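Participant: I would like the atomic coordinates for the input below:
(one chain, ligands or ions: 1)
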Amino acid sequence: MGTFPLWFPMKNKLEGHYDVLGEIYSVEEVKQPELDGEHALGTCDSEKKEIEIKESESNDSKLETLIHELGHATIDESGLGEDMDAQVEHVIVTAFAKTMIRNFKIEPIKIQSRKSRD
Ligand SMILES: [Zn+2]
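Facilitator: Residues are numbered from 1 along each chain as shown. Okay, here's the model as predicted:
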């Protein structure tokens, strides 16, 4: 005993690497994500390919936040982000994340980082 199965649902289960249109984003759970000095449930930095999620939220809330932030990443990686109003983009990804959460049972899959694939 003393070992957990690999899939044991720890609070950090959303951490890992995610494929966004072929780009690898790393997701970390942190105490308090900040966006322009404001507290947020999550942030997405598409330059650094990094997403942060607030660790103290419930699993459902964290999953919705992750889908939301992956939505921002997807819009940026698609090339639409530059021309899209930031507030419009935020409303779209908020609504889409809610629709996904309410209609699907979503489990993250772990992908390897670019480094460990080489
Ligand atoms: Zn947003």
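Participant: quick check, S26 in a strand?
Facilitator: Yes. Checked against DSSP: H, G, I helix; E, B strand; the rest coil, S26 lies within a strand.
Participant: got the contact list for it?
Facilitator: G16, H17, Y18, K49, E50, I51, S113 (C-beta atoms under 8 Å, 6 or more residues apart in numbering). In this view, the C-beta of every residue, glycine as well, is placed from N, C-alpha and C.
Participant: pull the contacting residues for the fourth one.
Facilitator: K49 makes contact with V20, E23, I24, Y25, S26, A73, according to C-beta under 8 Å, 6+ apart.
Participant: any idea which element A97 lies in?
Facilitator: helix 86-103 (DSSP states H and E).
Participant: quick one: average confidence on that helix?
Facilitator: Helix 86-103 shows an average pLDDT of 96 in the prediction.
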